[in-house]
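Visitor: fold the following, please.
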Amino acid sequence: MSILDNLPHTCAAYRRTRTAGTLGGSKDSFSTTLFTARACWRQAAGDSEKLEFDKRGITVTHKIYFASDPSLDERDVLVIGSDTMEVRSAASPDAGVGLSVVWRVMAELTTTGSTP
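Guide: Numbers count the residues shown, from 1 in each chain. I've put the predicted structure just below:
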C-alpha cells in the first residue's frame with residue numbers, strides 16, 4: 001500500500017468571495033464549500049521553498065499534498081484540524097510517486113483574519 005492510498009490528514013476547502021462592505025470597504029465570506037474530509041498530507045515548507053516565495057513577497061509556512069488535483073488557487077482557504085491556512089499558490093503537479101503524481105499547494109498558517 002502506498003502513501004497515496006493512506007494520506008495521514010483530512011481537510012476542508014472554502015472559496016473566498018469578496019464583496020463591498022456597507023462602509024465602503026470589502027468583506028470576505030466563505031459561502032462556497034469546495035470539499036470536506038478530503039485526504040491530504042500536510043508538511044512544513046522547507047527553507048528553499050520559503051525563500052523562493054519570499055522573493056515574490058509571499059509568505060508560506062506549509063505545503064499540502066493531494067493524490068489528485070484539488071483545483072485550489074489563491075482565493076481558497078484550507079482547514080486542517082483546528083488550523084486555518086490561506087492558499088498561496090495554485091495546485092500544481094509535484095514529483096512523481098511511483099507511477100502517480102501528487103498535487104502540491106503552498107499555504108500560510110493564519111491565526112487571525114480569514115476563517116470560514
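
Visitor: C-alpha only now, for contacts and for neighbours.
Guide: OK.

Visitor: partners of the longest strand along the chain in the sheet?
Guide: In the chain, with assignment by DSSP state E, the single longest strand is strand 26-44. In the sheet, strand 26-44 lines up against strand 9-20 (antiparallel), strand 62-66 (antiparallel) (DSSP bridges).

Visitor: what's the first helix or strand after that strand?
Guide: helix 47-54 (DSSP states H and E).

Visitor: tell me the centre residue of the chain?
Guide: By Cα atoms, centre = their mean, the chain has its centre lying nearest to residue 87, at 3.9 Å.

Visitor: quick one, what contacts residue 38?
Guide: Contact analysis of residue 38 by Cα atoms under 8 Å, 6 or more residues apart in numbering lists 10, 11, 12.

Visitor: which strand residues bridge it?
Guide: residue 11.

Visitor: give me the neighbour count for residue 68.
Guide: 16 (other Cα atoms under 10 Å).

Visitor: residue contacts, it?
Guide: Counting by Cα under 8 Å, 6+ apart, residue 68 has contacts 101, 102, 103.

Visitor: and residue 42, what does it touch?
Guide: Contacts of residue 42 (Cα under 8 Å, 6+ apart): 9, 62, 63, 64, 65.

Visitor: ugh, typo on my part, it should be residue 76
Guide: So residue 76 contacts 13, 14, 15, 16, 86, 87 (Cα under 8 Å, 6+ apart).

Visitor: where's the residue nearest to the second one when sequence neighbours are not counted relative to residue 60, distance?
Guide: Meaning residue 14. Computed as Cα to Cα, 6 or more residues apart in numbering, the closest residue to residue 14 that is not its neighbour in sequence is residue 33, at 4.6 Å. Plainly put, residue 33 is 23 Å away from residue 60 if you go by Cα to Cα, to the nearest Å.
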